[in-house]
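Peer 1: Next comes the sequence, and after it the predicted model I'd like to discuss.
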Amino acid sequence: MPNDDNSRDYRPTVFLPKTAFPMKAGLPQKEPGIQARWEEIGLYEKLREARAGREKFILHDGPPYANGDMHIGHALNHVLKDTVVRTQSLLGKDAPYVPGWDCHGLPIEWKIEELYRKKKKNKNDVPPKEFRAECRDYAQKWVDVQRDQLKRLGINGRWDKPYLTMRPEAEGAIVAELHKFAETGQLYRGAKPVMWSPVEETALADAEVEYADLTDSPQIDVAFEIVESPIEELVGAHAVIWTTTPWTIPVNQALAYGPDVEYSTFEIKTDEIDDKPHLEKWRGKLLFMADKLIPSFLLRIGCEYDNSSVKHYTVCGGDQLAGTIVRHPMHHLGGFYAKPRPMLAGDFVTTDSGTGIVHMSPDHGEDDFDLCKANGIDPVFAVMGDGRYRDDWLWLGADDKDADGKERRRSVINKPFNSPEGPICSDLREAGALLSASADYAHSYPHSWRSKAKVVYRCTPQWFIAIDERLEHIDGAPTLRARAMEEIEATRFIPEKGRNRLRSMVEGRPDWLISRQRAWGVPIALFVHRESGELLVDPEVNARIQAAITADTVDAWDKSRAAEFLGADRNPDDYEMVSDILDVWFDSGSTHAFVLETDEWPELQSPADLYLEGSDQHRGWFQSSLLESCGTRGRAPYKDVLTHGFTMDSKGMKMSKSLGNTVNPLKVMEQYGADIIRLWALSVDFTEDHRIGDEILKGVGDTYRKLRNTFRYLLGALDGFVGDLGDDAEIPELEVYILSELAELDRKLRQAVDDYDFNTYTRLLVDFCNEDLSAFFFDIRKDCLYCDDENDPKRRAYRTVLDILFHALIRYTAPVLVYTSEEVWRARYPEDNEQQGSVHLLEWPSIPQVGSDTARWTALRELRETVMEAIEPLRREKTIRSGLEADVIVPADKVPAGFTDADLAELFIAASVTRGQGDDVKVTRTSDHKCGRCWRLLPEVTADGDLCGRCAEVVTAYDAAEEAAA
RNA sequence: GGGCCGGUAGCUCAGUUGGUUAGAGCGCACCCCUGAUAAGGGUGAGGUCGCAAGUUCAAAUCUUGCUCGGCCCA
């Protein structure tokens, strides 16, 4: 009709997308409200109800340490866990998530002691019970803090009842696990050199030790006179040892040589000695050491760095030295020092440094201990827990005096004690045994990671779990190590390389040292018979202990209750109560027992389907859990093990506070929102080390906006959409194709979920939105959506497919953008009924199965790209402005079968498409005019601004409706 | 120092058993649209596949060495 009115504004007659869903997210402001609502409606519990009776999927949470704020590693780890749980739940499984915390242990204990020190209070003046109560409060405080932070991250779990290793039920159960080892003969008390911190007065786990580079360590060369040897010429010569720990000389018990090393005796030349008074003692004396190391030794004693300073004599191989005996430089003191020191063959002796002869003290080195033990030499326990020698030790080094002249002995690790002027060196010098002493050696040395103080190896009685004993109590199981190895083979590792890593660690590990001389932890609740030294193994006693601890926490393990535990038949005076506590790795290694198997969390079961932690846990939780479970149950506590790498800064460097390159997830949430962190975590290849930084987060933000706007478009385009097509309606081929693409996406996403491959998952999702929807489907159907009659079958079909897409995509997206997906869902379904209360209650969509000739469409899309490329030059030269102004001629043989010219014009968003000869696409400006409403250029439009046939009809109907309404 | 792992466009990632000119998305540049508008569309530029040798007709892919980074251990 109004062909004469080409100035009319047709905008009101166009059906534009309409939605209140904002383009700008404002996540930091919006997310907490969404979180609050989840809590209000009890989302986690609702989900449990909805999935009750379904196949279970158990992700068992590895307990983070309850100390300090959430950091980026926690954030990544928990996002991954949450995504696993959510995707499994989406698949319809019952996937409960019970988070947990590791609460015992040295770091918390240390914090409390630090507070004491500030208040000038001494830990030893505080009753242990009180001290533990403070540790408990401290741990609880951080559990609460981290819980809130993890909730804020959008982690869905049983926050009202997490598991804590310090819950009395857990403490009782951990003791019960320990008793299982005791009752099956896998536990023993041994003496072994362990890393020991004289400052904290405790043995340290490997993880509690850090290495620092020193440049001022002492190094001394000490001579041991050879008194017996199968090689006669050696008798009377002095074997030279080199050590960086002078304080171990008073505890020396043997020397070690390398069986494959070449040794020789030599004499320092007279003219060298003439101008070096400190060598006077060695005039005419024979020294003995590895031939190769003589030059570096000469340098240490001030001679030339070559062999011109010495006269060589006997040369022999280490393998000839068996039976050689030396005496201690302090042999004149008698007693311990008068005993002969044998020279023993040690494979560990190298010629990298030193003299090729190593002084052995079984108390203070692992190699030393093993070699001496093999030769019947026992440790002597001369160094006490505080690092001082025993008062009754025969040689303490000269008395150490304070400035006021008061005598006192200090810890053997203190610097003056080991210095060239210190008591040890002075006495050795006086005894004529010191060849060199300086304090300039550079090496890396272990320190306590808490106190930063030097640590030593020290032999102490410790409790161990035997790794290579037969497991009699488990059918068909060989040793614990062998069973663990078998279970590693039976486990699925993602990525696969994790298997290797765990395997090599279990393969090479020593017995499990489980004792700690501390206060904050689960006691090694055992009795040892005072006379026989035997471990009391009585299930009834053990049961009483377990019950008491479950009722009264670890405080129950108290001397005052010994009689109660031992029962009427035994005299408490006959038994020693072990006062050590358990390695915290035993606590966490037992979580499968007291979390998965207990009826406190009936929703859980064992073994878990998945353990998911950082790759550092190969040494830690993956291993401790495996050993604990294999030793007590004969099987691994998990079916799958997934490991992630570490988060580096934007340059791939490790984050550290001192470098100032840390990224705080709490700040990122404040600035960008939790959904952005989540999308980041799921966009990177988390199986390797990966990066985070401003540029990366900006990119994640772009990706986020693409997803958000896709949903915004869907919401707008689906405004007012209620039903779907009638039965007889024909779905256009484009829609069928998109549905088949959706089905393909669906298939790939399911695979990605099975593989825990979330990086692929999010990429597939984003690429689909970008390529298949935004740049293709939505763009092509823009005209249809805006301009076709509202009831036009094509438009209805389009919107029907949009609805299907919406329901599929919102479900795919829900595990990733947990907040935004909820916001989208609520924008479409604001009603608060059961089904629509939360997007997170929904299940994986079922995609209509349609038949589409995908290959044909792939060819079509390739042709489409060629057409776009061909149009571009005309746009460059401003012949045309958009593809709608282009008449396109495509090579006839390049057009896939079944498409009409009109189809092609629509799909290519061109004015017209016709077929021609040749290989090239030809483009010219159309001579048609532009419809005033739909802006298409069509032959039927006689003048710019007039309406095309379709639009004329729609406008007529629109006007009629308006009139009727008015 | 030892064991294990990794290094592909500015960013995040693909790259099958060695086989055409190494791909994608984003970002960037330029352009269009102004009826998804702090949105949407198009085109384009970007890579000595960490470096160096070697094997091969052919190497991002296999071997060795080096280098940078990471985890674990000492």
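Peer 2: Perfect, thanks for sending it.
Peer 1: Give the buried residues for stretch A:533-553.
Peer 2: A:Leu535, A:Leu536, A:Asp538, A:Val541, A:Asn542, A:Arg544, A:Ile545, A:Gln546, A:Ala548, A:Ile549, A:Thr550, A:Thr553 (16 or more other Cβ atoms under 10 Å). (Each C-beta comes from the backbone N, C-alpha and C, glycine too.)
Peer 1: Check what contacts stretch A:507-519 and list those residues.
Peer 2: A:106, A:109, A:128, A:131-132, A:135, A:178, A:190, A:192, A:194, A:201-203, A:205, A:385, A:460, A:462-468, A:481, A:485, A:524, A:579-583, A:586, A:623, A:627 (Cβ atoms under 8 Å, 6 or more residues apart in numbering).
Peer 1: That stretch spans what distance, first to last residue?
Peer 2: Across stretch A:507-519, the terminal residues are separated by 32 Å (Cα to Cα, to the nearest Å).
Peer 1: Is any residue of that stretch near RNA strand B?
Peer 2: No: Stretch A:507-519 is not in contact with RNA strand B by Cβ under 7 Å from any atom of the strand; minimum separation 8.6 Å.
Peer 1: Quick one: residues contacting A:Arg705.
Peer 2: Contacts of A:Arg705 (Cβ under 8 Å, 6+ apart): A:Ala25.
Peer 1: how about the helix or strand harbouring it, does it reach RNA strand B?
Peer 2: Remark: A:Arg705 resides in helix A:694-717, with elements defined by DSSP states H and E. Yes: residues of helix A:694-717 contacting RNA strand B under Cβ under 7 Å from any atom of the strand: A:Glu695, A:Ile696, A:Gly699, A:Asp702, A:Thr703, A:Arg705, A:Lys706, A:Asn709, A:Thr710, A:Arg712, A:Tyr713, A:Gly716.
Peer 1: So which bits of the helix or strand that that helix is followed by are buried?
Peer 2: For helix A:694-717, the following helix or strand on the C-terminal side (DSSP H and E) is helix A:733-754. In terms of neighbour count (16+ other Cβ under 10 Å), helix A:733-754 has its buried residues at A:733-746, A:748-749, A:752-753.
Peer 1: thinking again about what came up before, from the residues of helix A:694-717 next to RNA strand B, list the buried ones, please.
Peer 2: Using 16+ other Cβ under 10 Å, the buried ones in these are A:Ile696, A:Thr703, A:Thr710, A:Arg712, A:Tyr713.
Peer 1: Among the buried residues of stretch A:533-553, name the ones in helices.
Peer 2: In helices, defined here by DSSP state H, the members of the buried residues of stretch A:533-553 are A:Val541, A:Asn542, A:Arg544, A:Ile545, A:Gln546, A:Ala548, A:Ile549, A:Thr550.
Peer 1: Can you give me the separation between the closest residue to the first one other than its chain neighbours and A:Asp832?
Peer 2: Sequence neighbours aside, A:Phe565 is the residue nearest to A:Val541 in space, at 5.7 Å (criterion: Cβ to Cβ, 6 or more residues apart in numbering). Note on A:Phe565: its distance to A:Asp832, by Cβ to Cβ, to the nearest Å, is 56 Å.
Peer 1: So between the two, which is more surrounded?
Peer 2: A:Phe565 (25 against 11; other Cβ atoms under 10 Å).
Peer 1: Tell me the spacing between A:Tyr761 and A:Phe594.
Peer 2: 33 Å.
Peer 1: Give the bridge partners for the residue nearest the centre of chain A, please.
Peer 2: Geometric centre of chain A, nearest residue: A:Gly614, 1.6 Å, by Cα atoms, centre = their mean. In this entry, A:Gly614 is beta-bridged to A:His644, by DSSP bridges.
Peer 1: Can you get me a residue count around the closest residue to RNA strand B within the stretch 551-700 of chain A?
Peer 2: In the stretch 551-700 of chain A, no residue comes nearer to RNA strand B than A:Val684, which is 2.8 Å away by Cβ to the nearest atom of the strand. A:Val684 has 21 neighbouring residues, counting by other Cβ under 10 Å.
Peer 1: now the one 4 residues further on
Peer 2: A:Glu688 has 11 neighbouring residues, counting by other Cβ under 10 Å.
Peer 1: Find the nearest non-adjacent residue to it, please.
Peer 2: That would be A:Gly645: by Cβ to Cβ, 6+ apart, it lies 4.6 Å from A:Glu688.
Peer 1: Pretty sure the residue nearest to A:Val541 sits against A:Ala548.
Peer 2: Yes: between A:Phe565 and A:Ala548 there is a contact at 7.1 Å, judged by Cβ atoms under 8 Å.
Peer 1: Note down every partner strand of the lengthiest strand in chain A and its orientation.
Peer 2: When chain A is parsed with DSSP state E, its longest strand is strand A:209-228. Here strand A:209-228 is paired, per DSSP bridges, with strand A:238-243 (antiparallel), strand A:325-327 (antiparallel), strand A:434-448 (antiparallel).
Peer 1: quick one, which of the ones you listed is packed in tightest?
Peer 2: strand A:238-243 (a mean of 24; mean count of other Cβ atoms under 10 Å).
Peer 1: does the helix or strand harbouring A:Val801 come close to RNA strand B?
Peer 2: Applying DSSP H and E as the criterion places A:Val801 in helix A:793-813. No: judged by Cβ under 7 Å from any atom of the strand, helix A:793-813 stays clear of RNA strand B, getting no closer than 11.1 Å.
Peer 1: Give the other helices and strands that that helix contacts.
Peer 2: Helix A:793-813 sits against helix A:694-717, helix A:733-754, helix A:758-767, helix A:782-787, helix A:818-828, with contacts defined as 3 or more Cβ pairs under 8 Å, 6 or more residues apart in numbering; DSSP states H and E.
Peer 1: As CSV, those helices with distance to A:Cys931 and mean pLDDT would be great.
Peer 2: CSV is the format used below for those (distance: least, Cβ to Cβ, whole Å; pLDDT from 0 to 100):
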stretch, distance to A:Cys931, mean pLDDT
helix A:694-717, 21, 96
helix A:733-754, 22, 94
helix A:758-767, 34, 95
helix A:782-787, 9, 96
helix A:818-828, 32, 96
